[in-house]
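J.: With the sequence up front, the predicted model follows.
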Amino acid sequence: MPKPRCDLYFPNTNEDPVLPHTIFTKGGGAQLLLPSLQGALTADVVIVGGGFVGVSAALHLAEAGKSVVLVEANEIGWGSAGRNAGHVAPHATKLNDEKLNAVYGPVYGPRLAKVGAGAPDFVQDLAARLGIDISVVKGGIMTVAHTDAAAEGLKAEAARLTKTGAAVELLSKEATARVVGSDCYRAALVDRRGIAINPLAWVRGLARAAMLRGARLYEHSRMRGMTRTANGWRVVTGQGEVEAGTLLLCTNAYTDDTWPGLKRTIIPVRTYLAWTKPLPDRLRESVLVGISAMIDTRRVPVAMRLHPDGRLQFGAGVGFGAPQQVDLAVAFRRLKDVLPQLEGVEVEGVWNGWVTRGIADGWRIHELAPGLVTAIACNGRGVAMGPIMGRELARYVSGTPRDELIVPLTQPKGIAWYPFYQMFGPTALKALKMLDKMEMARRA
């Protein structure tokens with residue numbers, strides 16, 4: 001069994017400890033402004049990490065009658081939970097059913113597919129039960145094909161989903177142009193089950209609900225060490241400590257060396273998102289008509305969503321390592337290649353955060369040691385699946401047999417090329433962009 005580190009734990013020291021201002025800040029609700037952990041506490045379960053997985057685990061454990069302490073290094077929602085695009089797709093992973101079954105097996109593959117298909121309903125139902133205003137935008141998630149080959153792929157996916165009874169539509173080139181506001185795409189698949197929300201309001205609302213049910217949450221309480229005890233685990237922070245029978249490590253994209261080898265199971269990819277000032281009425285009525293959000297099929301995709309106030313949110317780039325200054329002119333020019341009518345529209349802001357890519361593009365639950373469990377590797381499906389995985393952790397801790405969970409309990413498996421991803425990642429990214437550019441040129 002690996003020996004957990006007990007020295008100081010300082011992941012991502014180059015990150016600003018203040019949650020950035022995003023398009024979701026205004027509607028995200030007030031900051032929780034929770035105290036830091038002081039002194040010594042005991043609990044049934046201690047949770048490290050205040051993102052979707054952690055706060056959902058705290059909520060569901062508290063509802064199950066467990067005493068819970070959660071410690072967050074910065075503030076609730078500081079990581080990916082408060083920095084994502086807010087898309088809620090009806091899929092647990094980015095794998096199709098065949099690959100899902102190949103990765104998870106004939107039992108867990110269909111089980112995970114079913115849970116993913118209901119993910120938007122899970123978010124809306126839980127938010128309604130808890131009284132959380134998450135600013136739901138309905139209409140569906142639209143995937144648009146940038147080449148004829150991609151269009152054929154969408155056609156096949158539409159046929160498969162239709163057989164399952166899913167509310168999907170395959171749009172022609174002309175219909176796609178009318179919805180997107182651009183004639184540069186070949187076809188589109190609209191999955192009407194998909195929604196878009198305010199993810200910051202979602203994670204803060206889950207945290208408040210957990211506290212109302214008795215969970216004790218602390219901000220600005222970075223874990224500095226974890227050790228085994230006779231009865232479970234001790235987590236030490238700057239000015240306090242918690243002893244509990246079970247420790248849930250819910251750090252996902254911000255996982256470091258607190259457990260040896262765990263961070264080598266994921267590749268953190270930094271995403272940059274931006275938004276414009278409100279579009280003029282004539283543009284609002286002709287861009288992304290009647291849908292929640294859009295993403296195209298390029299290797300480095302164009303993704304965007306139109307907010308009810310007319311501001312257009314869009315992807316402004318991806319990268320690795322420390323945050324970089326974004327060339328917004330270049331990012332916006334790429335968007336205007338799709339929507340040239342945006343000429344003259346001003347960009348209002350930009351933010352960045354991590355997306356976790358796992359070894360097989362799917363979620364994992366690892367039982368690292370007796371009483372030490374983690375859920376990791378969201379692969380861009382964290383807004384709904386993060387809280388679902390937090391619920392699964394709570395179910396397991398509360399006595400649900402492991403073979404009834406939605407994914408199997410496994411041991412971590414490192415990514416073979418992990419030591420080289422920061423070295424070669426930027427080069428690979430440039431190559432992918434070049435391939436996209438060549439395909440778009442041939443398509444034209």
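T.: Ah, there it is.
J.: what residue ranges in the protein score low on pLDDT?
T.: 1-15, 358-361, 443-444 (pLDDT under 70).
J.: longest helix of it?
T.: helix 421-443 (DSSP state H).
J.: Are there helices or strands packed against that one, and which ones?
T.: The contact analysis (3 or more CB pairs under 8 Å, 6 or more residues apart in numbering; DSSP states H and E) places helix 421-443 against strand 266-276, strand 312-319. Just so you know, the C-beta spots here come from the backbone N, C-alpha and C atoms, and that holds for glycine as well.
J.: Next, the angle from it to strand 312-319.
T.: When axes from the mean of the first three to the mean of the last three CA atoms, to 10 degrees is applied, the directions of helix 421-443 and strand 312-319 differ by 130 degrees.
J.: ok, which stretches of the protein are helices?
T.: 52-63, 97-117, 119-130, 148-163, 173-180, 199-212, 281-284, 328-338, 382-397, 421-443.
J.: Show me which of those has the highest average neighbour count.
T.: helix 52-63 (a mean of 29; mean count of other CB atoms under 10 Å).
J.: As CSV, could you dump the C-alpha coordinates of it?
T.: This file holds the C-alpha atoms of helix 52-63, laid out as CSV (Å, rounded to 0.1, in the frame of the first residue of the first chain):
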residue,chain,number,x,y,z
PHE,A,52,-19.3,19.4,-7.3
VAL,A,53,-18.2,16.0,-6.1
GLY,A,54,-17.3,17.1,-2.6
VAL,A,55,-20.4,19.3,-1.8
SER,A,56,-22.7,16.7,-3.2
ALA,A,57,-21.1,14.0,-1.1
ALA,A,58,-21.5,16.2,1.9
LEU,A,59,-25.2,16.8,1.1
HIS,A,60,-26.1,13.2,0.6
LEU,A,61,-24.1,12.0,3.6
ALA,A,62,-25.8,14.5,5.8
GLU,A,63,-29.2,13.4,4.5
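J.: So Arg204 sits against Ile76, correct?
T.: Yes - taking contacts as CB atoms under 8 Å, Arg204 lies within contact range of Ile76: 6.1 Å.
J.: Common neighbours of the two, please.
T.: Leu32 (CB atoms under 8 Å, 6 or more residues apart in numbering).
J.: Dump the helices and strands packed on helix 421-443 to TSV, plus mean neighbour count and distance to Ala210.
T.: Formatted as TSV, the helices and strands packed on helix 421-443 follow (neighbours: other CB atoms under 10 Å; distance: least, CB to CB, whole Å):
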stretch	mean neighbour count	distance to Ala210
strand 266-276	21	25
strand 312-319	21	28
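J.: Redo those strands as TSV? Include distance to Val48.
T.: Compiled in TSV, the helices and strands packed on helix 421-443 are given as follows (distance: least, CB to CB, whole Å):
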stretch	distance to Val48
strand 266-276	16
strand 312-319	27
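J.: So the residue nearest to Phe424 when sequence neighbours are not counted versus Gly371, what's the distance?
T.: In space, and not counting its chain neighbours, Phe424 is closest to Trp417: 7.9 Å by CB to CB, 6 or more residues apart in numbering. Distance from Trp417 to Gly371, counting by CB to CB, to the nearest Å: 32 Å.
J.: quick one: which of the two has more around it?
T.: Neighbours were counted for Trp417 and for Gly371 using other CB atoms under 10 Å; Gly371 has more, 18 against 11.
J.: who's in contact with the more buried one?
T.: Gly232, Trp233, Gly245, Thr246, Leu247.
J.: Of these - the most surrounded one?
T.: Top of those by neighbour count (other CB under 10 Å): Leu247, with 27 neighbours.
J.: Across the sheet, point out what pairs with that one.
T.: Beta bridges link Leu247 to Val46, Leu372, judged by DSSP bridges.
J.: for it, what are its contacts?
T.: Leu247 touches Val45, Val46, Ile47, Val48, Met226, Gly232, Trp233, Val235, Gly371, Leu372, Val373, counting by CB under 8 Å, 6+ apart.
J.: Compare the helices of the chain and give me the one nearest Arg298.
T.: helix 421-443 (4.3 Å; CB to CB).
J.: Would you mind pulling the contact partners of that closest one?
T.: 146-148, 184, 186, 267, 269, 298-300, 318-321, 415, 417.
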